[in-house]
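Got a sequence here, can you build the structure:
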Amino acid sequence: MDCLSHRLSCGVVLLLSSATGSADAAPAVFERYAGSFSATGTILEGPDASSHQVSCQFTIRQQGPTDLSLQGTCRAYLLIARSVSARLSWDPRSGQVTGTYTGSRVGTAQLRGRQVGTDFDLVIAWPRPLYGDTTAQMRVASLDPNRFRIVVTDRIGANGPVRATTDLTLLRQ
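Alright, predicted model coming up:
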């Protein structure tokens, strides 16, 4: 379950990273992503990439004009729950988003990303190897003003294929 919670939480972080863009757009974008969200989807866990259905609840708050914080809980099998949190800051000079994610079994991850068109890319740097490496890629796409899709890709096993380890759809409540 630690891997399961870890992958779910990673996806949540990407939603926060989507608050990048031009200096004029940042406050409006941050406002758009603030709120309460429920999420459902699948995660892959372990070297055999077994699939698990998950559900999450998140609260995202704007912390000033260039910062967001996320707090939430993700569940699998209705019995297993994990608290997750993330903090992100946007630098209007560089357009970079940086921050941290807490909730993984391997420790606090460092985050760095930026806006690409209407989607957002984020690199997660784990403090220790997870599935044979210390990085993962994340992408968030706005499906409409109230829905977002978060996909995390990572290598499954030290020499295995790159696969989607998290695929969540978030819905504003």
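
Would you mind listing where this protein has pLDDT under the threshold?
Within the chain, the segments meeting pLDDT under 70 span 1-30, 45-49, 116-118.

buried sites along stretch 142-153?
142, 148, 149, 150, 151, 152 (16 or more other C-beta atoms under 10 Å). To be clear about C-beta, it is placed using only N, CA and C from the backbone, and glycine gets the same treatment.

tell me the two of the residues you listed that are most distant?
Greatest spacing in the buried residues of stretch 142-153, by C-beta to C-beta: 142 and 152 (16.8 Å).

ok so, going back, show me the buried residues of stretch 142-153 that map onto strands.
142, 148, 149, 150, 151, 152 (DSSP state E).

how about those in TSV, adding distance to residue 68?
Formatted as TSV, these follow (distance: C-beta to C-beta, whole Å):
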residue	distance to residue 68
142	15
148	13
149	18
150	15
151	20
152	18
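
what's the closest of these to residue 126?
Comparing those against residue 126 with C-beta to C-beta places residue 152 closest, at 11.9 Å.

Give me the distance between that closest one and residue 98.
Relative to residue 98, residue 152 is positioned 18 Å away (C-beta to C-beta, to the nearest Å).

ok so residue 115 is a helix residue?
No - applying DSSP: H, G, I helix; E, B strand; the rest coil, one finds residue 115 to be strand, outside a helix.

Beta-bridge partners for it, please?
Assessed by DSSP bridges, residue 115 has beta-bridge partners residue 120.

circling back to that earlier point, which one of the ones in strands among the buried residues of stretch 142-153 is nearest residue 38?
Closest to residue 38, out of all of those and judged by C-beta to C-beta, is residue 148, at 11.6 Å.

Can you tell me the SS state at the residue lying closest to residue 103 once chain neighbours are set aside?
Leaving aside its chain neighbours, residue 103 sits nearest to residue 84 (3.6 Å; criterion: C-beta to C-beta, 6 or more residues apart in numbering). Under the three-state scheme (three-state DSSP), residue 84 adopts strand.

Confirm that residue 64 sits in a strand.
No - with three-state DSSP as the criterion, residue 64 is assigned coil and is not in a strand.

And for it, the neighbour number?
9 (other C-beta atoms under 10 Å).
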